[in-house]
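Q: Sequence below, structure please.
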Amino acid sequence: MPSRLSFLPRARTAAVRRTLPAVLVAAALGLTVAGCSPAGSVEAADVPQWRATALPTSPADVVLQDSGKILNRDHLVQEAASVPAGSYTLTAVCAGTGKAFFAVSLDGKAVTEAGAACNGRAETTRINLPAGGRVQISSSSVDAPLLYAYRLAPAQ
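A: Below you'll find the predicted structure:
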């Protein structure tokens, strides 16, 4: 006559069944995080090479553009002296973790803020400049270090 399993083997089997899903979820999460992290260090990255693939084409009439590394929470500011009034497109991309932020101002007055998730995909924001003047774009992130690139061009 077949004997039933003792209590100890059944308890061990139940424990394995309870912990197996948790182990699988942890393994999947680890692989996902590893797949999203940038290849190599941001500090050692070749920005021009990265920009060439992240934001490859540049219209001839670009008003303002920049790319680089945000290594801390400091704001990096670029400006264009006399930009005519009109409708523009800000295209921004970043790589690393988190998000990069781009604050656009006209003659020192805030116009808009835009952001780009650091997943390597370009994001666009439509910007309307009601008057001509000096345009500044301030790049920053609380998720430093990361790579960023942007360009401001007349809307097509």
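Q: Look up how far Pro130 lies from the residue nearest the centre of the chain.
A: By CA atoms, centre = their mean, the mean C-alpha position of the chain lies nearest to Cys118, the distance being 1.6 Å. According to CB to CB, to the nearest Å, Cys118 stands 31 Å off from Pro130. Every C-beta, even on glycine, is put in place using the N, C-alpha and C of the backbone.
Q: next one: Leu90
A: Leu90 sits 16 Å away from Pro130, taking CB to CB as the criterion.
Q: Compare those two (neighbour count), which wins?
A: Legend: neighbour count by other CB atoms under 10 Å for Leu90 and Pro130, higher for Leu90 (22 against 9).
Q: Spit out the contact partners of the more buried one.
A: Contacts for Leu90 (CB atoms under 8 Å, 6 or more residues apart in numbering) come out as Phe102, Val104, Ala114, Thr124, Thr125, Ile127, Ile137, Tyr150, Arg151, Leu152.
Q: my guess is the fourth one is in a strand, correct?
A: In this case it means Thr124. Yes: in this structure, Thr124 lies within a strand as judged by DSSP: H, G, I helix; E, B strand; the rest coil.
Q: Could you give the bridge partners of it?
A: Thr91 (DSSP bridges).
Q: Just the C-alpha atoms of the helix or strand in which Gly98 is found, please, in CSV.
A: Per DSSP states H and E: Gly98 is located in strand 86-106. These are the backbone C-alpha positions of strand 86-106, laid out as CSV (Å, rounded to 0.1, in the frame of the first residue of the first chain):
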residue,chain,number,x,y,z
GLY,A,86,6.7,82.3,-34.5
SER,A,87,6.0,78.7,-33.9
TYR,A,88,8.9,76.3,-33.1
THR,A,89,9.5,72.7,-32.3
LEU,A,90,11.9,71.6,-29.5
THR,A,91,13.1,68.1,-30.1
ALA,A,92,14.9,66.6,-27.0
VAL,A,93,16.4,63.2,-26.2
CYS,A,94,18.4,61.8,-23.3
ALA,A,95,20.0,58.6,-22.2
GLY,A,96,20.8,57.3,-18.7
THR,A,97,18.1,57.0,-16.0
GLY,A,98,15.3,59.3,-15.2
LYS,A,99,14.3,62.4,-17.1
ALA,A,100,15.9,65.6,-18.5
PHE,A,101,14.2,68.9,-18.3
PHE,A,102,14.4,71.9,-20.7
ALA,A,103,13.2,75.3,-19.6
VAL,A,104,12.6,77.8,-22.5
SER,A,105,12.6,81.5,-21.8
LEU,A,106,12.2,84.6,-24.0
